[in-house]
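Engineer: next input, structure requested:
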Amino acid sequence: MHASRVVYIVIFLMACLPILYFTLRGAGRKSRSKRAALLAAALAGVAAAGFISFGLWRYTIDTQPALVAQRFAQSLTAALGETSAAEHIARMERAGLLTDGGAASQEHTLGALRDAGWPEGSAMRISKKAAQDERGDTWYLVSSGGEAGVAVTLVRTGYRWRVSQAAAVPGEAIGGIDKELGFSDIR
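Structural biologist: Model prediction:
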């Protein structure tokens, strides 16, 4: 998700450069009232580029399943340090990441991960590709040491991907998943 944010910031800056260049180049030769109008138009152009970039970024993080899984991972990592699953579920619902039945598996998954010995503050790794079946796309999230993992099933609702189910994966099964799908670090 960090990479997508950087990409859209770069796109925004690249869209703003020509606007600013031509505004500054033309502003020196104009009268004071025309210069003010030109600067106002440039500011409107920069604001429009900002709104468009932000809108495209929001659309991207909702429509790319790997980014939805990363958003889930960030919320899950924060929830493992909390005492209750209620804040995690509320955070996921506010972000629109859960399907109607998706909240039911969250509390059980957090308890199972704590029982499996998920190290507090551990970095998380995500599978490089999803396992697909009739339930949806399943992405695997594991602790950096491989002690425990989570299978996150995403389903497409409209144009958005949402979490329909999350289940703890025992540490012994992670080695086989790693050989099949591969993992990369989440930053």
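Engineer: drop to CA atoms for contacts and neighbour counts, all remaining ones
Structural biologist: OK.
Engineer: would you tell me which helix is longest in this protein?
Structural biologist: With DSSP state H applied, the helix covering the greatest number of residues in the chain is identified as helix 32-63.
Engineer: C-terminal to that one, what's the next element?
Structural biologist: Past helix 32-63, further along toward the C-terminus, the next helix or strand under DSSP states H and E is helix 65-80.
Engineer: average pLDDT for the longest helix of the chain, rounded please.
Structural biologist: For helix 32-63, the mean per-residue pLDDT is 86.
Engineer: which strands or helices does it pack on?
Structural biologist: helix 2-27, helix 65-80, strand 160-170 (3 or more C-alpha pairs under 8 Å, 6 or more residues apart in numbering; DSSP states H and E).
Engineer: which of those sits most buried?
Structural biologist: Ranked by mean neighbour count, these are led by strand 160-170 with a mean of 22 (mean count of other C-alpha atoms under 10 Å).
Engineer: show residues contacting that strand.
Structural biologist: 62-65, 68-69, 72, 96-103, 105-106, 108-109, 112-113, 116, 147-156 (C-alpha atoms under 8 Å, 6 or more residues apart in numbering).
Engineer: quick one: low-confidence residue ranges for this protein.
Structural biologist: Along the chain, the parts satisfying pLDDT under 70 run over 1, 82-84, 102-105, 117, 119-122, 146, 178-180, 182, 184-185, 187.
Engineer: quick check: most distant residue from the centroid of it.
Structural biologist: Computed with C-alpha atoms, centre = their mean, the residue of the chain farthest from its C-alpha average is residue 31, at 47.3 Å.
Engineer: any idea how far that one is from residue 19?
Structural biologist: Remark: distance between residue 31 and residue 19 (C-alpha to C-alpha, to the nearest Å) = 19 Å.
Engineer: ok, now residue 49?
Structural biologist: Here residue 49 is placed at a distance of 10 Å from residue 19 (C-alpha to C-alpha).
Engineer: do residue 141 as well
Structural biologist: 42 Å.
Engineer: ok, residue 135 next?
Structural biologist: Taking C-alpha to C-alpha as the measure, residue 135 falls 47 Å from residue 19.
Engineer: thinking residue 73 is in contact with residue 141, fair?
Structural biologist: Yes - with contact defined as C-alpha atoms under 8 Å, residue 73 counts as touching residue 141 (7.1 Å).
Engineer: overlap in contacts, these two.
Structural biologist: Common neighbours of residue 73 and residue 141, using C-alpha under 8 Å, 6+ apart, are residue 124.
Engineer: list the helices and strands the helix or strand encompassing residue 107 packs on?
Structural biologist: Using DSSP H and E, residue 107 sits within helix 104-115. Contacts of helix 104-115 with other secondary structure elements, assessed using 3+ C-alpha pairs under 8 Å, 6+ apart, are made with helix 65-80, strand 148-157, strand 160-170.
Engineer: just checking: what are the partner strands of the shortest one?
Structural biologist: To tie it back to what came earlier, the one meant is strand 148-157. Pairing partners of strand 148-157, with direction, according to DSSP bridges: strand 136-143 (antiparallel), strand 160-170 (antiparallel).
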